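Participant: let's see this in three dimensions:
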Amino acid sequence: MYVKKFLLASTLILSVALIAGCGSDEAKAPDSDLSTDQETNKTEANEQVKENQQVYIDESGHEGDELELIKIVNLSTKYRNEGNEEEYLKLFNPNNMKTLTPMKIESIQLESVNFRSENVGTVRTTIKYDTKEEPGEALFIFEKTDNKWIISGTD
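Facilitator: Now for the predicted structure:
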């Protein structure tokens, strides 16, 4: 009789211990999933910051008309990558209409800013598109009309 009670009690204790152990694993699983989600979100946020830093030309160290030209190149990059054709086209001379291609800019690097006259300037860049091709040189040609810089063409 004592043996049956002992086996029953032992079985009951082991069952409770097993259930308690399983419950603690389940309680830990959502926390680890949560921390994995948080790590993923942090990684994505860091990549987004890194991407934004690489995509735009650093405006610090520039001033006056030179800064204005760089700001316009950065806006054209922003609108292109967003697919915002309406705002993109506003940056261009209406007589030299440009169409927005689906290519996204992965990185852009400033090579030079030059002024041919008081109303004509250029920004030479090296651009890497998302097409898996090697980076290439791009020249933005600007004209100043009504005291406002606009892109008159690209090469």
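Participant: residue ranges for the strands of this protein, please.
Facilitator: 105-117, 120-129, 136-145, 148-154 (DSSP state E).
Participant: any chance of these in JSON lines, with distance to residue 66, mean pLDDT and mean neighbour count too?
Facilitator: Every C-beta, even on glycine, is put in place using the N, C-alpha and C of the backbone. Output for these, formatted as JSON lines (distance: least, CB to CB, whole Å; pLDDT from 0 to 100; neighbours: other CB atoms under 10 Å):
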{"stretch": "strand 105-117", "distance to residue 66": "5", "mean pLDDT": "97", "mean neighbour count": "14"}
{"stretch": "strand 120-129", "distance to residue 66": "8", "mean pLDDT": "97", "mean neighbour count": "18"}
{"stretch": "strand 136-145", "distance to residue 66": "11", "mean pLDDT": "96", "mean neighbour count": "16"}
{"stretch": "strand 148-154", "distance to residue 66": "10", "mean pLDDT": "95", "mean neighbour count": "16"}
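Participant: so which of those strands is nearest residue 98?
Facilitator: Of all the strands of the chain, the one in closest proximity to residue 98, counting by CB to CB, is strand 148-154 (7.1 Å).
Participant: please put the alpha-carbon coordinates of that closest one into PDB.
Facilitator: Extracted C-alpha coordinates of strand 148-154, given in PDB (Å, rounded to 0.1, in the frame of the first residue of the first chain):
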ATOM      1  CA  LYS A 148      16.900  80.700 -58.500                       C
ATOM      2  CA  TRP A 149      19.100  77.800 -59.500                       C
ATOM      3  CA  ILE A 150      17.500  75.000 -61.700                       C
ATOM      4  CA  ILE A 151      18.900  72.000 -63.400                       C
ATOM      5  CA  SER A 152      19.200  72.800 -67.100                       C
ATOM      6  CA  GLY A 153      20.600  69.400 -68.000                       C
ATOM      7  CA  THR A 154      22.500  66.300 -67.000                       C
END
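Participant: that one packs against which elements?
Facilitator: Other helices and strands packing on strand 148-154, by 3 or more CB pairs under 8 Å, 6 or more residues apart in numbering; DSSP states H and E, are helix 64-82, strand 136-145.
Participant: those: which one's closest to residue 96?
Facilitator: Of all these, strand 136-145 comes closest under CB to CB, at 9.2 Å.
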